[in-house]
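>>> This is a predicted model, with the sequence first.
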Amino acid sequence: MEFNVPDMSCGHCAGVITKAIQQLDADAMISIDLPAKKVTVQTAQDRQSVAIALTEAGYPTN
Ligand SMILES: [Cu+2]
């Protein structure tokens, strides 16, 4: 699944986002495209759970 994360702007953001997703699913495969502000996640969790985790970490998705 793919998320647009407009507030993601640097490596720190990417780190926070990675951690938030890993707390939800330690086995998640996460790939972050910083210039495109895009996060791709392979996880058994549903899309809404990941979106909520990102929002709670301070990075709302759209
Ligand atoms: Cu940042």
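Right, received. Where do you want to start? Residues are numbered from 1 along each chain as shown.
>>> For the residue most central in space within the chain, give me the backbone phi and psi.
For the chain, the residue nearest the mean C-alpha position is Ile17 (4.7 Å; C-alpha atoms, centre = their mean). Note on Ile17: backbone dihedrals following degrees, to the nearest 10 are phi -70, psi -40.
>>> mean confidence score for stretch 25-34?
In this model, stretch 25-34 has a mean pLDDT of 98.
>>> Pull up the distance across it, start to finish.
End-to-end distance for stretch 25-34, by C-alpha to C-alpha, to the nearest Å: 21 Å.
>>> can you list contacts of that stretch?
8-11, 14, 17-18, 21-22, 38-45 (C-beta atoms under 8 Å, 6 or more residues apart in numbering). Where you see a C-beta, it was placed from the backbone N, CA and C, and this is true even at glycine.
>>> For stretch 26-38, buried residues please.
By neighbour count with 16 or more other C-beta atoms under 10 Å, stretch 26-38 contains the buried residues Ala28, Ile30, Ile32, Lys37.
>>> how long is stretch 50-62 from one end to the other?
Stretch 50-62 has an end-to-end distance of 12 Å (C-alpha to C-alpha).
>>> what's the answer for stretch 30-42, then?
Termini of stretch 30-42 sit 7 Å apart (C-alpha to C-alpha).
>>> Can we start the residue count at 55 from this point?
I'll keep to 55 as the first residue from here, and by that count the last item is stretch 84-96.
>>> what's stretch 59-73 in contact with?
Stretch 59-73 is contacted from outside by 84, 86, 88, 91-93, 108, 111-116, using C-beta under 8 Å, 6+ apart.
>>> could you dump those residues to JSON lines with secondary structure and distance to Met55?
JSON lines is the format used below for those (DSSP: H, G, I helix; E, B strand; the rest coil; distance: C-beta to C-beta, whole Å):
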{"residue": "Ile84", "secondary structure": "strand", "distance to Met55": "11"}
{"residue": "Ile86", "secondary structure": "strand", "distance to Met55": "13"}
{"residue": "Leu88", "secondary structure": "coil", "distance to Met55": "18"}
{"residue": "Lys91", "secondary structure": "coil", "distance to Met55": "15"}
{"residue": "Lys92", "secondary structure": "strand", "distance to Met55": "11"}
{"residue": "Val93", "secondary structure": "strand", "distance to Met55": "9"}
{"residue": "Leu108", "secondary structure": "helix", "distance to Met55": "11"}
{"residue": "Ala111", "secondary structure": "coil", "distance to Met55": "16"}
{"residue": "Gly112", "secondary structure": "coil", "distance to Met55": "20"}
{"residue": "Tyr113", "secondary structure": "coil", "distance to Met55": "15"}
{"residue": "Pro114", "secondary structure": "coil", "distance to Met55": "16"}
{"residue": "Thr115", "secondary structure": "coil", "distance to Met55": "10"}
{"residue": "Asn116", "secondary structure": "coil", "distance to Met55": "14"}
